[in-house]
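Undergrad: for reference, the sequence and a predicted model appear below.
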Amino acid sequence: MVAVLQTPPDEDVSRWAVPGRGIPTRAIPARVIPLHPGNLQRVPVRRRPSPRVTRSHGAAVYWRRRLVAAALGLGVLLTAAHAGAALGGNTTTAPERSPHVERVIVQPGDTLWSIAERLAPNSDPRPVVDELASELGTSSVQPGQVIRWSA
């Protein structure tokens, strides 16, 4: 005959036994079923682990996480691009456009006023005349002279 003793895995059964008899000295738990007091055996109990509770997140949490990940990725990309530009690579910004320079060859009978009207037909010619005169250093022009004007 056999007695079945189930104990929690962290408890030691040897501290319950009386020397020579093998019977526990304190109150017997409900899980101990003595069949014969002389032969006690410990039978390991295989307990199933309790199922883990999983949470399902809503669609809002899913999209919010995606948005945060995309923003972080974009930030890393821009930081790397600016670091590359600082180290001598290409910049992420568009280069400045050089101004459009027009060349005008002065014809016989031209004045700064007539040239300014050709260069800027839809605007007031006075600022253009002033700019051309300041670049040339004079208000008189000679036929065949080349005038450069940046638009």
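TA: Noted; the coordinates are in hand. Numbers count the residues shown, from 1 in each chain.
Undergrad: Thr54: neighbour count?
TA: 5 (other CB atoms under 10 Å). Every C-beta, even on glycine, is put in place using the N, C-alpha and C of the backbone.
Undergrad: now Leu112
TA: The local packing count at Leu112 equals 21, with neighbours defined by other CB under 10 Å.
Undergrad: correct me, but it touches Ser139?
TA: Yes: the pair Leu112 / Ser139 is scored as a contact, 5.9 Å apart, by CB atoms under 8 Å.
Undergrad: what's the overlap in contacts for these two?
TA: The contact sets of Leu112 and Ser139 overlap at Ala133 (CB atoms under 8 Å, 6 or more residues apart in numbering).
Undergrad: do you know how far Gln145 is from Val101?
TA: 16 Å (CB to CB, to the nearest Å).
Undergrad: neighbour-wise, which of these two wins?
TA: With other CB under 10 Å as the criterion, Gln145 and Val101 differ in neighbour count, and Gln145 comes out ahead with 13 against 9.
Undergrad: the more buried one and Val104, how far apart?
TA: In this structure, Gln145 lies at 9 Å from Val104, with CB to CB as the measure.
Undergrad: also Arg148?
TA: 8 Å.
Undergrad: against Ser140, how distant is Ser123?
TA: Taking CB to CB as the measure, Ser123 falls 23 Å from Ser140.
Undergrad: low-confidence regions, the protein specifically.
TA: Applying pLDDT under 70 to the predicted model, the residue ranges of the chain that meet it are 1-41, 43, 89-95, 151.
Undergrad: longest helix in this protein, by residue count?
TA: What stands out as the longest helix in the chain, according to DSSP state H, is helix 59-86.
Undergrad: neighbours of Ala85, how many?
TA: As a measure of burial, Ala85 has 13 neighbours, counting by other CB under 10 Å.
Undergrad: try the one 3 residues further on
TA: Under the neighbour criterion other CB under 10 Å, Gly88 is assigned a count of 6.
Undergrad: quick one, helices of this structure?
TA: Listed from the start of the chain, the chain has helices (DSSP H) covering 59-86, 112-119, 125-136.
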